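1. Below are the sequence and a predicted model for it; my questions follow.
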Amino acid sequence: MGPEWVAIIALVALFVAGTLLPINMGALAYVAAWLVGMFALNLDEKEILAGVSADLILTLIGVTYLFAIARNNG
């Protein structure tokens, strides 16, 4: 099975897990991308981190925090 199929299967699993569990899909996507990069593409940590946007991570953290506050407020 090629890395393309592994990525597609990981994407489908990501949507299923994000729909059934109360977990942020963006966080799941980062984990899935890390796992696909490490195991399907044989990339090392530096190569994976080179493709990660710090602005996107900060936005993900901020939106997750915002929704947590909104959920607690009702």
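-> Noted; the coordinates are in hand.
2. And the longest helix out of those in the chain, how far out from the chain middle?
-> Counting residues, the longest helix found in the chain (DSSP state H) is helix 54-73. Computed by Cα atoms, centre = their mean, to the nearest Å, the chain-centroid distance of helix 54-73 equals 14 Å.
3. Would you point out which residue is most central in this structure?
-> Centre of the chain computed as the mean C-alpha position; nearest residue by Cα atoms, centre = their mean is Ala29, 1.6 Å away.
4. Tell me who's in contact with that residue.
-> Shown in contact with Ala29 (Cβ atoms under 8 Å, 6 or more residues apart in numbering): Leu14. Yep, even glycine has a C-beta here, placed from its N, CA and C like the rest.
5. just checking, next helix/strand downstream of the helix or strand containing it?
-> Assigned by DSSP states H and E, Ala29 belongs to helix 25-35. Later in the chain than helix 25-35, the nearest helix or strand by DSSP H and E is helix 45-50.
6. what's the longest helix of the chain packed up against?
-> helix 25-35 (3 or more Cβ pairs under 8 Å, 6 or more residues apart in numbering; DSSP states H and E).
7. that older thread, buried residues, the helix holding Ala29. List them.
-> Using 16 or more other Cβ atoms under 10 Å as the test for burial, helix 25-35 gives 26, 28-30, 32-33.
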